[in-house]
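**Student:** pasting the structure only:
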């Protein structure tokens, strides 16, 4: 599961990290410290002449959906079954993308409430979350580009916090992942066999629990008081 994430860089840093043109990001708000479902954020796709980073809304809206409201329930897709689900299959086969991020949040149930943790790479650099995208057109004409993040089982060190994490792609598979002609067999192999990267985490302020709060202190480490986890 990935319900919030961070991309605490400007467009230029995203372009450099992913070798992507970033002109379409000129009106996208960056950096972001608490991206929530239905927010618009940078997404990298393969384009004519190379990769391009442009804005998409988080929460996939299939082209056949009656309303974009369904996207709020489709922020993640399980990598193990993405090829079998009608809502995701077409996008998986034809429209894959990379979501730049430098961390994501998960929550621990404690006696005093839900405690967020920020999970990131050592050094907090940008990484690539595997995702799929779709294009939806309203009856009035405007088009909406949206995406879902692919998830997998969590590595042993994070399983105590949540059993799912985003699929994080190493640079060596980015071209195959984004290319339109990559075979389903290779795609499923990438998802199944890509090793988990090294990740670290620390507790952060519960201000993160508010979707509208998006400040640099979201990722600041917090010292927790000793507290037992609730039973059940």
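**Tutor:** Looks like it came in fine. Every value quoted in this text rests on a predicted model; they were computed, and no experiment measured them.

**Student:** Can you show me the strands along the chain?
**Tutor:** Assigned strands in the chain, in chain order: 5-7, 20-21, 32-35, 40-47, 50-58, 76-78, 96-101, 103-110, 113-120, 127-137, 143-153, 164-166, 168-169, 200-203 (criterion: DSSP state E).

**Student:** would you turn those into TSV with distance to residue 209?
**Tutor:** From N, CA and C alone the C-beta is placed, and that goes for glycine too. Shown next, in TSV, are the strands of the chain (distance: least, CB to CB, whole Å):
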stretch	distance to residue 209
strand 5-7	14
strand 20-21	32
strand 32-35	9
strand 40-47	19
strand 50-58	18
strand 76-78	19
strand 96-101	19
strand 103-110	8
strand 113-120	6
strand 127-137	21
strand 143-153	20
strand 164-166	19
strand 168-169	24
strand 200-203	12
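
**Student:** closest one to residue 219 among these?
**Tutor:** Taking CB to CB as the measure, these were each checked against residue 219, and strand 113-120 came out nearest at 4.9 Å.

**Student:** List the residues that contact the residue sitting nearest the centre point of the chain.
**Tutor:** The centre of the chain sits closest to residue 149, judged by CA atoms, centre = their mean, with a distance of 4.6 Å. Contacts here follow CB atoms under 8 Å, 6 or more residues apart in numbering; on that basis residue 149 touches 2, 58, 75-77, 99, 129-131, 166-167.

**Student:** Could you identify the pair within those that is furthest apart?
**Tutor:** Maximum pairwise distance in these, criterion CB to CB, is 15.6 Å, between 58 and 167.

**Student:** In terms of neighbours, single out the busier of those two.
**Tutor:** Residue environment comparison for residue 58 versus residue 167 gives the larger neighbour count to residue 58, 26 against 23, counting by other CB atoms under 10 Å.

**Student:** How about stretch 143-163, which residues are buried there?
**Tutor:** Taking 16 or more other CB atoms under 10 Å as the neighbour-count basis, stretch 143-163 is seen to contain the buried residues 144-152, 154, 158, 161-162.

**Student:** Give me the mean pLDDT for that stretch.
**Tutor:** Here stretch 143-163 scores 96 as its mean pLDDT.

**Student:** same check, this time on stretch 82-91
**Tutor:** The average pLDDT for stretch 82-91 rounds to 94.

**Student:** nearest to residue 205, of the contacts of residue 149?
**Tutor:** The shortest distance between residue 205 and any of the contacts of residue 149, using CB to CB, involves residue 2 and amounts to 19.2 Å.

**Student:** That's all I had, so thanks and see you.
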